[in-house]
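1. Whatever this is, show me its structure:
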Amino acid sequence: MTQELPQSVLFCCDHNAVRSPMAEGIMKQLFGTETYVQSAGLKNDLEIDGFAITVCHEIDVELARHQSRSFEEMEQFGDQLSSFDMIIALSPASYARAQELTKLFHLDVLFWDTSDPTSTGETRESKLDAYRKTRDEIIAQLKAQWGSA
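-> You can find the predicted model right below:
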């Protein structure tokens, strides 16, 4: 059973370079302007991953202009965690950090255990397959949570 779409969602992972930008872009594609969607990471030490850009481009989701940012940078730019209805963590570390940062706020923090494709595969094609698997996991989670727009 799908839930009602929240007004605002923040996706988070470790570096905001693969999983959370993919989730942000895919959710925006599926649900358009029905909800405000952003993403952040524990750290901002990596640029958006080229394999993530490629596999999302395959489904017409544009990630090339994504600017990675940390929780702290997100708040510096005016997106306060307390302003989101829901935070969806895609890695165990980001889930722990999101729970810690929001313990005084009334908002839902979910954990979607999403595979990290960055250390999988030795050839370009096997790496792309790992990234496609992660992308498809995110799509399945989004549709299970909120159905199709």
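2. on contacts alone, who are the packing partners of the lowest-mean-pLDDT helix or strand in the chain?
-> One helix or strand of the chain scores below all others by mean pLDDT, DSSP states H and E: helix 71-76, with a mean of 88. In terms of contacts (3 or more C-beta pairs under 8 Å, 6 or more residues apart in numbering; DSSP states H and E), helix 71-76 is packed against strand 36-41. For glycine as for every other residue, the C-beta is placed from the backbone atoms N, C-alpha and C.
3. and the strand it packs on, what other elements does it pack with?
-> strand 8-13, helix 19-31, helix 71-76.
4. Can you point out the buried residues in the last one?
-> Neighbour-count burial for helix 71-76, counted by 16 or more other C-beta atoms under 10 Å, picks out F71, E73, M74, E75.
5. picking up where we left off before, so can I have a markdown table of the helices and strands packed on strand 36-41 showing distance to A93?
-> Shown next, in a markdown table, are the helices and strands packed on strand 36-41 (distance: least, C-beta to C-beta, whole Å):
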| stretch | distance to A93 |
| --- | --- |
| strand 8-13 | 8 |
| helix 19-31 | 12 |
| helix 71-76 | 12 |
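6. so what's M1 scoring on pLDDT?
-> Per-residue pLDDT puts M1 at 62.
7. quick thing: my sequence starts at 430, can you match it?
-> That works, and once the first residue is 430, the last one we named lands at M430.
8. quick one: contacts of stretch 518-535?
-> Contact with stretch 518-535 is made by 440-443, 448-449, 452, 470-471, 500, 510-511, 516, 538-543, 545, 567, as judged by C-beta atoms under 8 Å, 6 or more residues apart in numbering.
9. For stretch 535-552, the averaged confidence score.
-> 92.
10. That one: which residues count as buried?
-> Neighbour count says stretch 535-552 has L536, V538, F540, W541, T543, P546, T547 buried, by 16+ other C-beta under 10 Å.
11. What distance do you get for the fourth one to S520?
-> Here the distance between W541 and S520 works out to 9 Å (C-beta to C-beta, to the nearest Å).
12. Just the angle for the longest helix along the chain relative to strand 437-442, thanks.
-> Using DSSP state H to define each element, the chain has its longest helix at helix 553-575. Using axes from the mean of the first three to the mean of the last three C-alpha atoms, to 10 degrees, the inter-axis angle of helix 553-575 relative to strand 437-442 is 150 degrees.
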